[in-house]
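Participant: need a structure here:
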Amino acid sequence: MTGDSSTHDWIRETALEENTDTRAQGAAANPVSDTAPDVFELGDVVLQSGLTLRAAKLSYKTYGELNASRDNVIVFPTFFGSNHTGNEPMIGEGMALDPSRYFIIVPNLLGNGMSSSPSNTPQPYDRARFPKITYYDNIAFQHRLVAEKFGVERIALVCGFSMGAQQSFHWGAMHPEMVERVAPWCGSARTSRHNFVFLEGVKAALTADDTWNNGWYDRQPTKGIQAMARVYAGWGPSQAFYREKVYLEMGFSSIEDYLITGWEGRFRATDANDFLTMIDTWQNGDISNNPTYQGDFEAALGAINAKAIVMPSETDQYFPPEDNEIEVAHMPNAEFKVIPSIWGHLAGGPGRNPSDTRFIDGALKELLSR
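Facilitator: A predicted model of the protein is given here:
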């Protein structure tokens, strides 16, 4: 997976070109509107855990128009700690996800603060009492949105980054008759043990704050969230990212400025219990953990008959290429394509690094042309 020296020279050069602050880059990359997302009322839903989440809500945003034959649909789920706006740098005219050609649905992950979450659910399931949410739950509700709200029977593509990638795998396994293509990047069909342990460290940092109070805090456990952000900062980018001081090319004045502004500042915008809900969903990610496959992981992978391109980042520390390579071997119509980047997991972040975005966008165009 490491490539030769000429490959790494190319990685080094392209990783540094055109970099700007992530937020400014995202705003410039796509001409989407600033209107608030829509809400699909799910009603009272029984979760995979057996608990009933009452008056559940799925927040979503659409881009483009649904055509008369209802066959131009792309589902693009959100990733950890983000919402629909975080996906927008991958959406734009001339890009693979072109709203002038496709009807792009971006459903917000349960627990992200927009869809039903600990921070917006009334008692008795508010805050620390919010029930555990699985990917099985997320995809079941997204399927209802697509089928009931829009009357869609075929999906041209399901794609996503990180937790969005994991949802893409789940879509392919849970609805193989409906999904024509899947493109997960920087994510896996099942969360590895090593990935699980990384997230244990993230949780431990957050919950060590006395203010957390077992989830019944009166104010956000800021120290815990900041500690969590610093743990995360050691895992999101790669060692080469820090060695080459890419953060300076991004506009940060020092490594401390990068940690405070690029990580702590972003993480403090999210509720602590919302973080813990998303982490639990991530830790228990497994496309076979459902009544259909009953733990048979290889059977679940084999059921993904959609045309697929699976794209890990060469330097991702918790979704390494080796895991995807094993998964692709069991998928009947899948191609394995590694993103050559020193940005680690962040290589897949929509709009984070122009060269990585171009690589992913090119693969999506290739897949959609098939």
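Participant: would you double-check that residue 237 falls in a strand?
Facilitator: No. Per DSSP: H, G, I helix; E, B strand; the rest coil, residue 237 lies outside any strand segment and is coil.
Participant: that one and residue 246 touch, don't they?
Facilitator: Yes. The pair residue 237 / residue 246 is scored as a contact, 7.3 Å apart, by C-beta atoms under 8 Å. The C-beta positions use only the backbone N, C-alpha and C, and glycine is treated the same way.
Participant: who touches both of those two?
Facilitator: residue 343 (C-beta atoms under 8 Å, 6 or more residues apart in numbering).
Participant: what about residue 57, is that helix, strand or coil?
Facilitator: strand.
Participant: distance of it from residue 301?
Facilitator: 32 Å (C-beta to C-beta, to the nearest Å).
Participant: more neighbours: these two, which one.
Facilitator: Higher neighbour count among residue 57 and residue 301: residue 301, with 24 against 20, using other C-beta atoms under 10 Å.
Participant: now the more buried one: closest residue in space, sequence neighbours ignored.
Facilitator: residue 330 (3.8 Å; C-beta to C-beta, 6 or more residues apart in numbering).
Participant: which residues touch the one you found?
Facilitator: 298, 301-302.
Participant: now the strands for the stretch 251-370 of the chain?
Facilitator: Ranges of strands within the stretch 251-370 of the chain are 307-310, 334-336, based on DSSP state E, counting those that start in this stretch.
Participant: from what I can see residue 180 touches residue 152, true?
Facilitator: No. Using C-beta under 8 Å, residue 180 makes no contact with residue 152, being 11.7 Å away.
Participant: residue 322: neighbour count?
Facilitator: 11.
Participant: next one: it from residue 295, what distance?
Facilitator: Residue 322 is 22 Å from residue 295, by C-beta to C-beta.
Participant: now residue 167
Facilitator: 19 Å.
Participant: then residue 259?
Facilitator: From residue 259 to residue 295 the distance is 40 Å (C-beta to C-beta).
Participant: what about those two, which has more around it?
Facilitator: residue 259 (18 against 10).
Participant: that's a strand at residue 152, yeah?
Facilitator: No. In this structure, residue 152 is coil, not part of a strand, as judged by three-state DSSP.
Participant: wait, what's in contact with the residue nearest to residue 272 when sequence neighbours are not counted?
Facilitator: In this structure, residue 272 finds its nearest non-sequential neighbour in residue 221, 5.3 Å apart by C-beta to C-beta, 6+ apart. By C-beta under 8 Å, 6+ apart, the contact set of residue 221 is 206-207, 209-212, 272.
Participant: mind checking how far residue 221 is from residue 370?
Facilitator: From residue 221 over to residue 370 the distance is 48 Å, taken as C-beta to C-beta.
Participant: cool, and residue 286?
Facilitator: For residue 286, the distance to residue 370 - C-beta to C-beta - is 28 Å.
Participant: so between those two, which is more surrounded?
Facilitator: residue 286 (21 against 10).
Participant: and that one, what are its bridge partners?
Facilitator: In this structure, residue 286 bridges to residue 190 when assessed by DSSP bridges.
Participant: could I get the contacting residues of it?
Facilitator: 189-191, 297.
Participant: of those residues, which is the most crowded?
Facilitator: Most surrounded of the contacts of residue 286: other C-beta under 10 Å gives residue 189, at 28 neighbours.
Participant: now it. Nearest residue, chain neighbours left out?
Facilitator: residue 169 (4.1 Å).
Participant: and of the contacts of residue 221, the nearest to residue 138?
Facilitator: Top of the list for closeness to residue 138, among the contacts of residue 221 and by C-beta to C-beta, is residue 272 at 20.5 Å.
Participant: show me the contacts for the closest one.
Facilitator: 206, 212, 215, 217, 220-221, 224-225.
Participant: let's go with 7 Å and repeat that
Facilitator: 206, 212, 217, 220-221, 224-225 (C-beta atoms under 7 Å, 6 or more residues apart in numbering).
Participant: same check, this time on residue 263
Facilitator: Shown in contact with residue 263 (C-beta under 7 Å, 6+ apart): 229-230, 232-233.
Participant: write the ChimeraX selection for whichever of those are buried.
Facilitator: Only the buried entries of the contacts of residue 263 go into this ChimeraX selection, using 16 or more other C-beta atoms under 10 Å:
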select :229,232,233
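Participant: quickly check the contacts of residue 263 for the two that are furthest apart.
Facilitator: 230 and 232 (7.2 Å).
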